[in-house]
Each structure stands twice: as C-alpha cells, then as structure tokens.
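Chemist: Here is my input, please return the structure:
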Amino acid sequence: MMLQVKHLSFSYDGVPALRDVSFDVAPGTVLCVMGPNGSGKSTLLDTVLGLHVPDTGTILVNGKDMSGMDRKSIARHVAYVPQNHAVAFPYTVREAVLMGRSAYLSPFGSPTKDDHVRCEQALKQVGIEALADRPYNTISGGELRLVLLARALCQDAPLILMDEPTAHLDYRNELMLLDTVCALSREHGITMVIATHAPQQAFYLEGKHIGIQTMFLKKGSVAAIGSPENCITTELIRDVYGIEAKILDSDGEKTVLLRHPL
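Modeler: Numbers count the residues shown, from 1 in each chain. Purely as a prediction, here's the structure:
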C-alpha cells in the first residue's frame, strides 16, 4: 500500500478531532475524503504531513513509518497542494514549480541541471508549459492550482495530498483540474488523497475509469469507505450531512442533487 493509516487519533487541547481512523490507499489510486465542516478532513491531511503528532496510531507511506521523520524526509515522501495560497512575490511559474525540488537541496545549494529537467517535466505533466515564463501572481485561480500541483509533482514524492483543490474555481477550471488528476493517476501512477466537499467529483473520477475510493468522516471518525458507486448513497448523505439528497443517474453518469436540510 502507498498509504496506510492505522488507528489514528488526534486531539486539540484534549478535544478529539480524529478518532481511531484507519484506511489504506493503493499505489496509483485516488482517495476522495469527504465530510461536513469540522469532521476532520484538513486535520487528517495535516497529520499525515507531520504537522500534528498523533495521540495514537501509525502512518506508513510506501511502507515507511512517518513518525520521527524530519521535515525534509517527510517532503520526499508526501507532497501537498493547499486550499489557499498567498502569492507574495512575482516568481515566474517555472521558478514556483522549481521550488518543489527544495527537499533535495542542501541549505545553500542551487538547483542542478537534473532539477531543472524535472521542473520542465512537471510543467508538461499538468499542461502549463506555455505559462512557464509568466509571473505567477498574474495567472488565473485555475492556472494557479495547476502550478501548485506541478510544484507537488516536481517534489517527486510518491503521495500527493490535496485540500479542496477545486474550491472557488469555475466549472471549466474544475473539470480541467479533475481531468489532470485522472491523467496523473492513469498515465503516471500518482497516488492522491483529495479532501473535497463535492461527492459528484468522486462520481466524475469514477466515470473516467481510474482507481478511486471515497471515505466519509463524521465527527472525526470514518463513517464509510468504498467505491463511489457503493459508498455515496442518499442514506449516507443524510446520516453524515443531515440533509436530504437524491442520486441522479443519466446514461451511467451519476451526480448528487441536494434537496433540503433535515
């Protein structure tokens, strides 16, 4: 397994945020983590990233225990695409993506020729090589998400975590990012864990015939885990979110129609 989380618990000042969470993610697959606000999605990603020390449990990436690893070692195993990213300096897109190689540089080292080659490959992997020389504080929100994804790819970690990567994107950019996720999984064997509020995104990815699982969190515990087809049901949405919903199926393409809160 690429990611194994076993009996993971974590608390903020004694208040439980994750409760005995266990799951596996196979290499080259995508896990969509869903649940209401405050259910533990971001906390789970932060704990896998080593930003929180678990109260109990273990986290293995590619068979290696993440506990006790320093920041540089963690960065070689897990990359991260944040939900929000403040652009403070007008780096070019190429320079921003190249920063993904920092995990392999000495404190005062400079990127090597191989690092620059890997940067160009990452730009091509997400289809933004035409933006390489643009200041990345002048590009659109959708393009910026692809830059952050390219930077994560440039990191060459076997696992990428993404926290609500389509938040605030328009429909076209949302689909472009999801299609990029599909290509990375299918063509490059990248393993991804994506926190999202949109069950229909899991259905969309499933329709692209990639390896995908969904996991729902409720009050820090795993409420359900499985394929989108088997896991995303009106009963589960009612239980986890406290709303009525309807699953629509049009020629094999499923989506979720939200009705009203209970």
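
Chemist: Tally up the residues packed near the residue nearest to residue 196 when sequence neighbours are not counted, please.
Modeler: Nearest non-adjacent residue to residue 196, counting by C-beta to C-beta, 6 or more residues apart in numbering: residue 32, 5.6 Å away. The way it works is simple: take the backbone N, C-alpha and C, and place the C-beta from them, glycine included. As a burial measure, residue 32 scores 26 neighbours (other C-beta atoms under 10 Å).

Chemist: Where does the prediction get shaky in this protein?
Modeler: Judged by pLDDT under 70, the chain has no weakly predicted residues.

Chemist: ranges for the helices of it?
Modeler: Applying DSSP state H to the chain gives helices spanning 41-48, 71-75, 93-98, 113-125, 141-154, 171-188, 199-207, 228-231, 234-241.

Chemist: closest one to residue 133 among those helices?
Modeler: Closest approach to residue 133 among those is made by helix 93-98 (6.6 Å; C-beta to C-beta).

Chemist: Can you name the residues in contact with that closest one?
Modeler: When contacts are defined by C-beta atoms under 8 Å, 6 or more residues apart in numbering, helix 93-98 is touched by residues 111, 115-116, 119, 122-123, 128, 131-136, 139, 147, 150-151, 154.

Chemist: List buried residues within those residues.
Modeler: Neighbour-count burial (16 or more other C-beta atoms under 10 Å) is assigned, among the contacts of helix 93-98, to 111, 115, 119, 122-123, 128, 131-132, 134, 136, 139, 147, 150-151, 154.

Chemist: And these, which is closest to residue 45?
Modeler: Each of these was scored against residue 45 by C-beta to C-beta, and residue 151 proved nearest at 16.5 Å.

Chemist: thinking again about what came up before, Provide the partner residues of the residue nearest to residue 196 in its beta bridges.
Modeler: Beta-bridge partners for residue 32, by DSSP bridges, are residue 194, residue 214.

Chemist: wait, isn't it in contact with residue 194?
Modeler: Yes. Between residue 32 and residue 194 a contact is recorded at 5.3 Å, counting by C-beta atoms under 8 Å.

Chemist: Pull up the overlap in contacts between these two.
Modeler: Counting by C-beta under 8 Å, 6+ apart, the contacts common to residue 32 and residue 194 are residue 201.

Chemist: Closest to the centroid, which residue in this protein?
Modeler: Of all residues in the chain, the one closest to the mean position by C-alpha atoms, centre = their mean is residue 162, 2.2 Å from it.

Chemist: Contacts only, for that one.
Modeler: 80-81, 149, 192-195.

Chemist: so it bridges to which residues?
Modeler: Counting by DSSP bridges, residue 162 is bridged to residue 81, residue 194.

Chemist: neighbours of residue 8, just the number please.
Modeler: Neighbour count of residue 8, defined by other C-beta under 10 Å: 24.

Chemist: From residue 224, how far off is the residue nearest to the centre of the chain?
Modeler: 21 Å (C-beta to C-beta, to the nearest Å).

Chemist: thought residue 27 was touching residue 189?
Modeler: Yes. Judged on C-beta under 8 Å, residue 27 makes contact with residue 189 at a distance of 6.5 Å.

Chemist: out of the helices of the chain, which comes closest to residue 1?
Modeler: Closest approach to residue 1 among the helices of the chain is made by helix 41-48 (13.3 Å; C-beta to C-beta).

Chemist: I'd like to know which elements that closest one is packed against.
Modeler: For helix 41-48, the contact count by 3 or more C-beta pairs under 8 Å, 6 or more residues apart in numbering; DSSP states H and E identifies strand 3-12, strand 15-25, strand 30-34, strand 56-61, strand 159-163, strand 191-195 as packing neighbours.

Chemist: Could you count how many residues lie near residue 113?
Modeler: That count, for residue 113 with other C-beta under 10 Å as the rule, works out to 7.
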